[in-house]
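J.: can you look at this prediction? I've put the sequence above it.
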Amino acid sequence: MDPAAIDEIFQSVGPVTIKRMFGGKSIYVRGTIIAIEYKDEILLKADGETAPRFAEAGSRQWTFENKYGKAAAMPYWSIPEDAYDDPDEMAKWALLALEAGLRARK
């Protein structure tokens, strides 16, 4: 995904820093990871407090197959469909991702 498109998604929470990681990119705001980009999809950071909201919105949690052949769930969720066409809705989800990232740093 183009860095300008990533900047646009997260404009409501501040400028982003993008770093390469594991075949994708990690996305940071003020030094806090809030999302990853993997295979041209943005996945937002969530935690025990926010993951239920992502699930209720129809998002799916990112999983991958670990070295033992088992699915491993990661704390990243797809962006809810409604947010792509509504900047206010996107801002809400971006803020939730930032808050989850900040809690993870403690």
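T.: On my side now, so go ahead.
J.: quick one: contacts for the residue lying farthest from the centre of the chain?
T.: Computed with C-alpha atoms, centre = their mean, the maximum C-alpha offset from the centroid of the chain is found at Tyr68, amounting to 25.7 Å. By C-beta atoms under 8 Å, 6 or more residues apart in numbering, Tyr68 lies in contact with nothing. Just so you know, the C-beta spots here come from the backbone N, C-alpha and C atoms, and that holds for glycine as well.
J.: ditto for the one 4 residues further on
T.: With contact taken as C-beta under 8 Å, 6+ apart, Ala72 is in contact with Thr63, Phe64, Glu65, Asn66.
J.: same question for Arg20.
T.: Neighbouring residues of Arg20 by C-beta under 8 Å, 6+ apart: Ser26.
J.: just the element for it, please.
T.: Using DSSP states H and E, Arg20 falls within strand 16-21.
J.: what's across from the most centrally placed residue in the chain in the sheet?
T.: Note on the chain: the residue nearest the mean C-alpha position is Leu44, at 1.3 Å, using C-alpha atoms, centre = their mean. Beta bridges link Leu44 to Ala35, Trp77 when assigned by DSSP bridges.
J.: all strands in the protein, in order from the N-terminus.
T.: In the chain, the strands defined using DSSP state E lie at 16-21, 24-29, 32-38, 41-45, 61-65, 71-78.
J.: in its sheet, what does the strand holding Arg20 sit against?
T.: Sheet pairing here is set by DSSP bridges, and for strand 16-21 it gives strand 24-29 (antiparallel).
J.: re the thing from before, the strand holding Arg20: which residues count as buried?
T.: For strand 16-21, burial by neighbour count (16 or more other C-beta atoms under 10 Å) applies to Val16.
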